[in-house]
Structure formats: structure tokens, C-alpha cells
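# coordinates only, no sequence provided:
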């Protein structure tokens, strides 16, 4: 199973130029699942990506599930693309603010697998008073309601040394760190945004259950457009991982 997580940066910062780069990235990597964050609802951003990918891959089309944030009016969402038939889709609201988490259940070689996706709050920057209870809600939801092999992806807005990530690691392993021994130097920001942000790793692919074995993990979306070194698919690098289901 191949999976990618990517924050889309909604329609900001040269979306029309970034859109074909995102489609090319996903088409080149051919993931079975994609977790997207900051999905712009007004233009049906996830549907645009789904349609473009399915045009390029008509024999292996993606199914789509979108989970709107609870902010009124609804502006952003999370979304999951899956090449496997989706048997269930659920969403929970996270404590504090308007963020949500979503999960789908699929069958892979006869075994049920859960794919979950979320986007934790970016504020406050210097402490985890909002992100930690949000992470606890997501992890507890996944751990205590299902014993399926589970992959949790997203933009967690939390650096590897934070208590937010430490809580996730009580139950999950990081795919990137499992392969490389540590998290990437950064997943945010890319040169797409010209702001003085401190580089940090805040995007992850987590997994749990003895039936999952990670074989490969890397950054994706970390190369600029060949004719424009300031143009990237997003303000985040994506994370890619490959898993085997084992007995």
C-alpha cells in the first residue's frame, strides 16, 4: 500500500500554477491513498484533483471522501482519496476551534484497514494547549474503537519533540522515522511562501498494528518547477510511505 499526505494550501499562492504540479506528483507516485488537508470547498478542490487523476488513470480510479471543518460558513476540509472500495467513512469534531478528523475503512487482500486524516490547529505556535487535546481525541478515537491496522496521516502542526507527537507515539510509529531513524529536517515551509517562518517538521504518516510493515518513506513535492525555483506544489512538502500487510 502506498500513501501520501499533503497540505494543499487551499487556493492561495499561485493555485492555478500549482494544480498541475500536484496532479503530476500524485500521478507519478501512484499512491493507493492520499490524505489532503486545507482543501478549498468553494472550488471543490479535492474533486478537481480526483477528476484529473481519474482521467489519467481510468482503470484504477480514486474514490473520494471529504470532511468539512465545522467553521461557519464552511471554507476548508480534509479529504481522502482511495483506490480501494470504501466500506465506511466517519468524521469527528476535535476539541477547541473547528478542526475535524476523518477515517475510512477499506479491505486490502481481505483484511480491513483504517486510513485516517486530520489537520490540527496551528495556534498557539509556542505551546501545545490546543494541539495536545486534539491529538488525544484523534488517537483515542482510533485506538479505542477499532483494532484494524491503522494509518493516520496529516498536518499536525507539531514538531517531533512536542508532547503532542509524544502522545501519538505512545500508540503509533512514524513511517518516516522508522525508515530513516528520525523525522525530516522540515516539511514546512517551502519556498512557495516568502515569509520568515522557522523551518519545522509538522507533517507525519503514523501507523499501528502488528500487521503493518513500512518498507519505504520519503519526502515528495520537494522539487520546484523546472522553470521557476520559487514554485512548489504547496507550502508543505508531502510525506510518502509504502506498507505491506503481514500475517
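Sure, I can see it. Since the model is a prediction, treat every value here as computed from it, not as a measurement.

# helices of the protein, residue ranges please.
For the chain, the helices defined by DSSP state H occupy 15-29, 45-56, 131-145, 163-169, 175-180.

# how many neighbours does residue 134 have?
Residues lying near residue 134 (other CB atoms under 10 Å) number 25. Glycine gets a C-beta too; all of them are placed from N, C-alpha and C.

# oops, could you answer that again for residue 222 instead?
Using other CB under 10 Å, residue 222 has 16 other residues around it.

# residue contacts, the nearest residue to it once chain neighbours are set aside?
Once flanking residues are discounted, residue 222 sits nearest to residue 237: 4.6 Å by CB to CB, 6 or more residues apart in numbering. With contact taken as CB atoms under 8 Å, 6 or more residues apart in numbering, residue 237 is in contact with 184, 186-188, 190, 203, 219-222.

# ok, now residue 145?
With CB under 8 Å, 6+ apart as the criterion, no residue contacts residue 145.

# confidence score at it?
You'll see residue 145 listed with a pLDDT of 89.

# ok, the residue nearest to residue 222 to residue 155 distance?
For residue 237, the distance to residue 155 (CB to CB, to the nearest Å) stands at 11 Å.

# what do those two both touch?
Common neighbours of residue 237 and residue 155 (criterion: CB under 8 Å, 6+ apart): residue 203.

# residue 128 touches residue 164, doesn't it?
Yes - contact criterion CB atoms under 8 Å: residue 128 and residue 164 qualify, at 4.7 Å.

# of these two, who's got more company?
For residue 128 versus residue 164, neighbours defined as other CB under 10 Å are more numerous around residue 164 (24 against 20).

# quick one, what contacts the more buried one?
Residue 164 sits next to 120, 128, 131-132, 134-135, 156, 158 when contact means CB under 8 Å, 6+ apart.

# closest to residue 62 among these?
For residue 62, the nearest member of the contacts of residue 164 is residue 156. The distance, counting by CB to CB, is 23.9 Å.

# show me what contacts the closest one?
Shown in contact with residue 156 (CB under 8 Å, 6+ apart): 118-120, 131, 135, 164-165, 168, 202-204.

# do residue 225 as well
Residue 225 neighbours (CB under 8 Å, 6+ apart): 17, 21, 231-232.

# who is the spatially closest residue to residue 176 that is not a sequence neighbour paired with across the strands?
Nearest residue to residue 176, sequence neighbours excluded (CB to CB, 6+ apart): residue 217, at 4.4 Å. Residue 217 forms beta bridges with residue 241, as assigned by DSSP bridges.

# ok, residue 217 to residue 153 distance?
Noted for residue 217: a distance of 12 Å to residue 153, by CB to CB.

# show me the common contact partners of those two, please.
205, 239.

# more neighbours, the two?
residue 153 (29 against 20).

# if I look at that one, how far off is residue 52?
For residue 153 relative to residue 52 (CB to CB), the value is 21 Å.
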